[in-house]
Structures are given as C-alpha cells and as structure tokens.
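S.K.: this one's structure only:
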Ligand code: CA
C-alpha cells in the first residue's frame with residue numbers, strides 16, 4: 001500500500017465522475033474511477049479504498065447491489081450519490097450498507113466536508129497507530145465499555161457480544177460508541193447526525209428529516225447485527241420522537 005489512501009468513484013455520468021475525481025484528488029486520495037457496478041466491485045476488491053462514492057443508477061447492477069457486494073469484504077466509507085427523485089431510495093441504500101448519501105446536484109465542498117469528517121473517524125487499530133485523530137467527542141480519551149454482555153474497545157475498534165466479535169461498519173461502530181459514551185443520557189437523532197459528521201453536538205447546523213431517517217436506518221442495521229430487540233432492548237433503547245439511549249443495566 002502506498003502513502004495516499006485510495007478513493008474509488010463508481011459513476012456512469014462522465015461529468016459527475018470527473019467532478020468527484022477532482023474533489024477526492026484535492027482531498028489527497030489516489031483516485032480510481034469506474035463507470036459500471038461490476039467494475040466498481042472489482043476495483044474495490046483490488047485496491048482496498050478508504051472512500052467510495054457510489055452512483056445509484058448504474059448501467060449494469062444498481063447501486064444497492066453494488067453496496068451489498070462491497071460490504072461483503074470492505075469497510076470503506078461508502079457515500080451514495082443520488083438524484084433528487086431517488087431520495088427515498090437512499091434509505092434502502094443505507095440498509096444495503098452505505099454510510100451516507102448526497103443528493104445531486106451537490107456542491108463539491110459538501111462532498112469534501114463529508115469525506116474529511118469521515119476520515120477523522122479511524123476505522124482500525126492500524127489507523128489509530130498511524131496517528132489518525134480520535135473523534136472530537138472522544139478527544140484523547142479512548143475508552144472501553146462493557147454493558148449487558150457487550151464489550152466495545154475504542155482502541156481496537158472492536159465490539160463483542162457475549163464474547164463473539166461482531167463486524168460493524170464504521171458508522172455503526174461510531175453510533176454505538178456515542179450511545180455508550182452518553183450512558184443513560186438521550187442522544188437525539190440530530191446529535192447523532194452531527195456526531196457522524198464530526199461536528200459538536202450543540203452547533204445549529206441544518207439537519208434534514210432525511211438525515212434523521214438515515215440515523216434510524218443505521219440504528220436498525222446495528223440492532224440487527226447486535227441481535228437486539230426494539231421492544232425489549234438490551235442496548236439500544238428508542239426514545240420515541242426524540243432519539244436513542246442506552247438500555248438500563250440488566251442484573
Ligand atoms: Ca447514473
């Protein structure tokens with residue numbers, strides 16, 4: 001592996017592909033660009049990208065299926081680029097393993113900001129060792145948590161339930177970490193969106209309804225992987241209309 005991290009663009013529209021290539025190059029990535037889903041999956045396998053931008057409407061396989069296939073072997077940060085008419089579909093995209101989405105047309109600096117925020121969220125021990133910064137909420141205070149049979153280690157970015165290690169995406173890990181860190185305090189969906197964007201909880205930046213729904217989808221995915229129950233939660237308690245908090249300790 002070289003020094004620069006790889007960014008992979010999967011996009012059949014030439015103009016958008018070149019725009020994204022420029023943004024990622026300026027952000028310091030070695031960029032690989034592909035124009036079909038099949039090529040994209042293959043490139044993801046061969047180049048171990050840190051970031052992938054994924055068009056939903058591709059000429060061969062659709063973006064959902066591409067995300068699902070890539071998630072089998074990669075924990076890259078996947079951001080879906082969707083046309084406005086496809087906005088509802090973004091939720092399905094997140095269910096299939098994407099981390100985030102942007103609606104076209106998007107401003108290049110918006111994509112740059114999302115990617116930069118995500119790269120501040122380390123994904124492995126190796127990256128931590130390489131000096132990647134801890135997320136703002138955890139500033140230099142990396143921790144481990146144990147709660148109702150779940151063990152989370154921030155240092156190794158691992159989660160185990162009853163001793164069995166789970167494979168979480170970065171986004172799922174960061175959401176779980178945010179709730180463990182908050183203890184029994186409720187985190188609103190807006191709080192959690194800001195957390196994923198590496199913004200402080202108390203800034204007044206605009207969070208859309210779709211952003212909040214994306215947190216619901218990630219929480220749903222996380223709940224499934226944990227084997228947790230929404231009705232009788234061991235970890236993830238929904239506070240209706242507000243957000244989430246950690247379920248009480250069970251004795
Ligand atoms: Ca397209």
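M.R.: On my side now, so go ahead. Quick caveat: nothing in here was measured; it's all calculated off a predicted structure.
S.K.: could you use CA atoms for every contact and neighbour count after this?
M.R.: Noted.
S.K.: show the subsequent helix or strand relative to the worst-scoring helix or strand of the chain on mean pLDDT.
M.R.: When the helices and strands of the chain are scored by mean pLDDT, DSSP states H and E, helix 125-129 comes last with a mean of 44. Using DSSP states H and E, the helix or strand that follows helix 125-129 in sequence is strand 144-147.
S.K.: what pairs with that next one, parallel or antiparallel?
M.R.: With DSSP bridges as the test, strand 144-147 is paired with strand 150-153 (antiparallel).
S.K.: which SSE is residue 102 in?
M.R.: strand 100-104.
S.K.: what's the first helix or strand after the longest strand along the chain?
M.R.: Ranked by residue count under DSSP state E, the longest strand found in the chain is strand 77-83. For strand 77-83, the succeeding helix or strand toward the C-terminus, using DSSP H and E, is helix 89-95.
S.K.: buried ones in that next one?
M.R.: Across helix 89-95, burial judged by 16 or more other CA atoms under 10 Å covers 90, 91, 93, 94, 95.
S.K.: around residue 83, count how many other residues there are.
M.R.: Look at residue 83: counted by other CA atoms under 10 Å, it has 17 neighbours.
S.K.: any idea what residue 103 is bridged to?
M.R.: Using DSSP bridges, the beta-bridge partners of residue 103 come out as residue 82.
S.K.: that one contacts residue 83, correct?
M.R.: Yes - under the criterion of CA atoms under 8 Å, residue 103 makes contact with residue 83 at 5.6 Å.
S.K.: on that earlier part again, tell me how far whatever helix or strand comes next after the strand holding residue 102 lies from the chain's centre.
M.R.: Remark: after strand 100-104, the chain's next helix or strand is helix 108-119, criterion DSSP H and E. From the chain centre to the centre of helix 108-119 is a distance of 13 Å (CA atoms, centre = their mean, to the nearest Å).
S.K.: in the protein, where is pLDDT below threshold?
M.R.: The chain contains residues with pLDDT under 70 at 1-3, 84-88, 122-142.
S.K.: just give the nearest non-adjacent residue to the residue in it that the ion sits nearest to, would you?
M.R.: Closest residue of the chain to the ion, CA to the ion: residue 57 (4.1 Å). Take residue 57 and drop its neighbours on the chain: the residue closest to it by CA to CA, 6 or more residues apart in numbering is residue 63, 6.3 Å away.
S.K.: spit out the contact partners of that neighbour.
M.R.: Taking CA atoms under 8 Å, 6 or more residues apart in numbering, we find residue 63 in contact with 37, 54, 55, 56, 57, 80, 93.
S.K.: now residue 208
M.R.: No residues are in contact with residue 208 under the rule CA under 8 Å, 6+ apart.
S.K.: distance of it from residue 103?
M.R.: Residue 208 sits 12 Å away from residue 103 when distances are taken as CA to CA, to the nearest Å.
S.K.: same check, this time on residue 192
M.R.: Distance from residue 192 to residue 103, by CA to CA: 20 Å.
S.K.: more neighbours: which of the two?
M.R.: residue 192 (22 against 15).
S.K.: what parts of the chain come near the ion?
M.R.: 57, 58 (CA under 5 Å from the ion).
S.K.: look through the chain and tell me its longest helix.
M.R.: The single longest helix within the chain, with elements called by DSSP state H, is helix 209-226.
S.K.: helices or strands next to the next helix or strand after that helix in the packing?
M.R.: Once the chain leaves helix 209-226, the next helix or strand it forms, by DSSP H and E, is strand 236-239. Judged by 3 or more CA pairs under 8 Å, 6 or more residues apart in numbering; DSSP states H and E, strand 236-239 is in contact with strand 243-246.
S.K.: hmm, try it at 10 Å
M.R.: If you count contacts as 3 or more CA pairs under 10 Å, 6 or more residues apart in numbering; DSSP states H and E, strand 236-239 packs onto helix 170-182, strand 187-188, helix 209-226, strand 243-246.
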